[in-house]
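Engineer: sequence plus the predicted model coming up.
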Amino acid sequence: MTRLHVAIPLRWSDFDAYAHVNNAEMLRLLEEARIQAFWRPDEGVGLDTAILDARPGAETIGLIARQEVEYLAPIPYMRSPIDIEMWIGRIGGASIEICYEMFSPEGVTPRVLFTKAATTLVMVTAATGRPERITDSLREVWSPYVEEPVQFTKRG
């Protein structure tokens, strides 16, 4: 099982009156992890999986078709970045399912699983807005990170 580990720092503004990360901010944290994991940086080297060109003018863009988040425990304020484990639950014709488990910072014990989530990202031709097949080169880079999709525990 190969997973990506992305460390995302919490901001003071992520918290609400209940002193935990606000549910709307959770989507931003997942977005930050997704960008680090899959979007090629403008400069320097990113993760091995960070190969999508998300700059203005890119020919192909990734659009979110679906997101699901299961909140298991409130995330309190912590100075150390939270550890987001990521993998690909499915590679389809034009989409991938990105899976997440959000844990307490690396090295903190006990290790707490705060959130499980999944995002369906569809590759789209920017000029037409139509789905675009995922290339063999993308599949080759991402295939080592494919495992069973996230298992949500609170589904009825």
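Structural biologist: Perfect, thanks for sending it.
Engineer: and the residue nearest the centre of the chain, how far from P74?
Structural biologist: Nearest to the mean C-alpha position of the chain, by C-alpha atoms, centre = their mean, lies R34 at 3.5 Å. With the distance defined as C-beta to C-beta, to the nearest Å, R34 ends up 22 Å from P74. All C-beta atoms are positioned from the backbone trio N, CA, C, and that covers glycine.
Engineer: Three-state assignment for G62, please.
Structural biologist: The three-state label given to G62 by DSSP: H, G, I helix; E, B strand; the rest coil is strand.
Engineer: is it in a bridge, and if so with what?
Structural biologist: M123 (DSSP bridges).
Engineer: pretty sure it contacts R40?
Structural biologist: No. With contact defined as C-beta atoms under 8 Å, G62 does not reach R40; the gap is 12.0 Å.
Engineer: and these two? which has more neighbours close in?
Structural biologist: Shown here are G62 and R40; by other C-beta atoms under 10 Å, G62 has more neighbours (21 against 15).
Engineer: pull the contacting residues for that one.
Structural biologist: 38, 52, 54, 121-124 (C-beta atoms under 8 Å, 6 or more residues apart in numbering).
Engineer: TSV for these, including distance to L10 and neighbour count?
Structural biologist: Formatted as TSV, those follow (distance: C-beta to C-beta, whole Å; neighbours: other C-beta atoms under 10 Å):
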residue	distance to L10	neighbour count
F38	21	24
L52	25	19
A54	23	15
L121	24	21
V122	29	18
M123	30	20
V124	31	18
